[in-house]
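[1] Whatever this is, show me its structure:
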Amino acid sequence: YHDFFTQFGKTRIYVRQQPPGHGVVAHRAIKAICERVGIKDLYAKCEGSLNMQHITKAFMLGLLRQKTHQVLADEKKLHLVEMRSENDYFPKVVASPSDGVVRTAAEIGHNEILDFEMISFEGNLPEWRPAQKNPMEGTPNWDKHLRKKWAYRSHDDVRLRMRVENGTEWGAVRSHLYPKYPECVER
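    Below is the predicted model:
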């Protein structure tokens with residue numbers, strides 16, 4: 001499958017494929033469908049109505065309406081090129097037109113959409129929420145909290161660095177019987 005946008009009624013779903021090991025991060029209805037279908041790595045963002053039947057129907061329609069890379073290359077009569085961050089954005093040809101005829105730059109219309117994301121998301125983009133700011137920041141109580149906790153701010157990092165530099169015995173939690181019983185040490 002590839003990234004796609006789908007909707008049914010007031011429900012809009014944006015689906016992105018993820019690298020192996022990511023898991024399914026989605027609405028519980030989509031998770032159940034992916035489990036049954038065998039999709040293991042996926043991110044789906046639902047917007048609008050969260051009606052269970054509409055989510056199910058929209059996701060199934062999206063899965064059924066997907067096009068293979070070869071079909072897209074044949075429709076556009078162009079090479080389909082993939083550039084990923086894991087390959088340092090090095091272009092990789094995914095599909096070429098099956099009849100071997102590729103359009104030239106003069107034959108491509110000036111307003112024709114060539115971006116695969118725009119084609120697969122049908123010109124829609126998810127409405128990302130702006131990052132939430134800490135409501136306590138800038139208040140006198142927040143300043144008091146920072147003054148109280150400044151000594152402990154990097155406590156864990158300092159302890160880890162000292163253990164790396166001076167060996168595992170440094171700062172270790174262990175029994176006073178360690179010299180007699182070496183197995184009495186934190187694990």
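
[2] List the buried residues of the helix or strand bottoming out on mean pLDDT in the chain.
    Ranked by mean pLDDT, DSSP states H and E, the weakest helix or strand in the chain is helix 116-120, scoring a mean of 77. Judged by neighbour count (16 or more other C-beta atoms under 10 Å), helix 116-120 contains these buried residues: F116, I119, S120. To be clear about C-beta, it is placed using only N, CA and C from the backbone, and glycine gets the same treatment.

[3] can you pull the contacts of the last one?
    Okay, so that is S120. The contact partners of S120, by C-beta atoms under 8 Å, 6 or more residues apart in numbering, come to H2, D3, F4, F5.

[4] could you dump the buried residues of helix 116-120 to CSV with distance to H27?
    Shown next, in CSV, are the buried residues of helix 116-120 (distance: C-beta to C-beta, whole Å):
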residue, distance to H27
F116, 25
I119, 24
S120, 20
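
[5] List the beta-bridge partners for the nearest residue to H69 once chain neighbours are set aside.
    In space, H69 comes closest to A95 once its chain neighbours are excluded; the distance is 3.9 Å by C-beta to C-beta, 6 or more residues apart in numbering. In this entry, A95 is beta-bridged to L80, by DSSP bridges.

[6] Might one say that A95 is in contact with L80?
    Yes: between A95 and L80 there is a contact under C-beta atoms under 8 Å: 4.3 Å.

[7] which residues sit against the helix or strand that contains K148?
    K148 belongs to helix 140-149 when assigned by DSSP states H and E. The contact list for helix 140-149 (C-beta under 8 Å, 6+ apart) reads N134, M136.

[8] redo that, cut-off 6 Å
    Identification of contacts with helix 140-149 by C-beta atoms under 6 Å, 6 or more residues apart in numbering yields M136.
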